[in-house]
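J.: Please find the sequence and the predicted model below.
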Amino acid sequence: MQGEADAKHQESAKVFASSLKNLRDRLSEDLGLGADKLPMVFGQVVPNKRAPQRFVAIKEMHAQMAAADQDSGKPEASPYCRMIPTDVFSMKADRVHFNALGQLALGPALGKAMKELNAKDAPASTQAPEKKK
C-alpha cells in the first residue's frame with residue numbers, strides 16, 4: 001500500500017502511474033528480470049469515498065492507480081501490474097487505514113491477484129515453483 005502522501009499533492013498524484021512503472025522497472029532490473037517482467041499488485045490508496053480533506057488529489061490518485069492496472073486499456077498501463085479496489089474493505093474511524101477486518105480482506109485479495117498474475121502466461125522466471133506430490 002503506497003500513495004497516501006501522493007494523494008495530498010496534485011503534482012505527484014498526476015504522475016503516480018509513471019512513478020510506479022519506474023519503481024517496478026528498477027526492481028526488475030535489480031532482480032535481472034528485464035523490463036515489464038516483475039509482477040506487481042497494489043491496493044487502491046485511501047479507499048473511502050469520503051476521504052479526509054487533506055487528500056486534495058484523491059480523484060487524480062485513484063485515476064492514476066486504475067490506469068496503471070494492466071487491464072485498464074490506458075497508455076499508463078503496465079504489464080503484470082494489478083490494482084486491487086479497496087472501497088469495500090472495512091476502515092478505521094480515521095477513514096484512511098483498514099481495521100482488522102479490512103486487513104483480513106486485503107491480504108487474500110492481494111494474494112489472489114498475484115496468483116492470477118503468476119499464472120501460466122506470466123514469464124517463467126516469476127512463476128512460483130510447483131509443489132512436489
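T.: Arrived safely, thanks for sending. Keep in mind that this is a model prediction, so the values were computed, not measured. Residues are numbered from 1 along each chain as shown.

J.: for the residue most central in space within the chain, phi and psi?
T.: Nearest residue to the geometric centre of the chain (Cα atoms, centre = their mean): residue 42, 2.1 Å. The phi and psi values for residue 42, taken as degrees, to the nearest 10, are phi -140, psi 150.

J.: which residues does the residue nearest to residue 78 when sequence neighbours are not counted contact?
T.: Among residues not flanking residue 78 along the chain, residue 21 sits closest, at 5.0 Å (Cβ to Cβ, 6 or more residues apart in numbering). Placement of C-beta: from N, CA and C, glycine included. Neighbour list for residue 21: 68, 76, 78, 81 [criterion: Cβ atoms under 8 Å, 6 or more residues apart in numbering].

J.: Does residue 21 lie in a helix or a strand, and which?
T.: In the assignment (DSSP states H and E), residue 21 maps to helix 16-31.

J.: Also residue 83?
T.: Assessed by DSSP H and E, residue 83 sits inside strand 81-84.

J.: strands paired with that strand, and their directions?
T.: As defined by DSSP bridges, the strand partners of strand 81-84 come to strand 40-43 (parallel).

J.: Show residues contacting the strand it pairs with.
T.: Against strand 40-43 from outside (Cβ under 8 Å, 6+ apart): 1-2, 20, 24, 65, 68, 78, 80-84, 86, 106, 109-110, 113-114, 117.

J.: Report the rounded mean pLDDT for it.
T.: The pLDDT scores in strand 40-43 average 92.

J.: Return the set of buried residues in it.
T.: Neighbour counts over strand 40-43 (16 or more other Cβ atoms under 10 Å) mark 40-43 as buried.

J.: ok so, going back, hmm, who's touching the strand holding residue 83?
T.: With Cβ under 8 Å, 6+ apart as the test, strand 81-84 has contacts from 20-21, 24, 39-44, 65-66, 68-71, 106, 109-110, 113-114, 116-117.

J.: Repeat the analysis, applying 6 Å as the threshold.
T.: Strand 81-84 is contacted by residues 40-44, 65-66, 68-70, 109-110, 113, 117 when judged by Cβ atoms under 6 Å, 6 or more residues apart in numbering.

J.: and the residues you listed, which of them are in helices?
T.: Of these, the ones assigned to helices by DSSP state H are 65-66, 68, 109-110, 113, 117.
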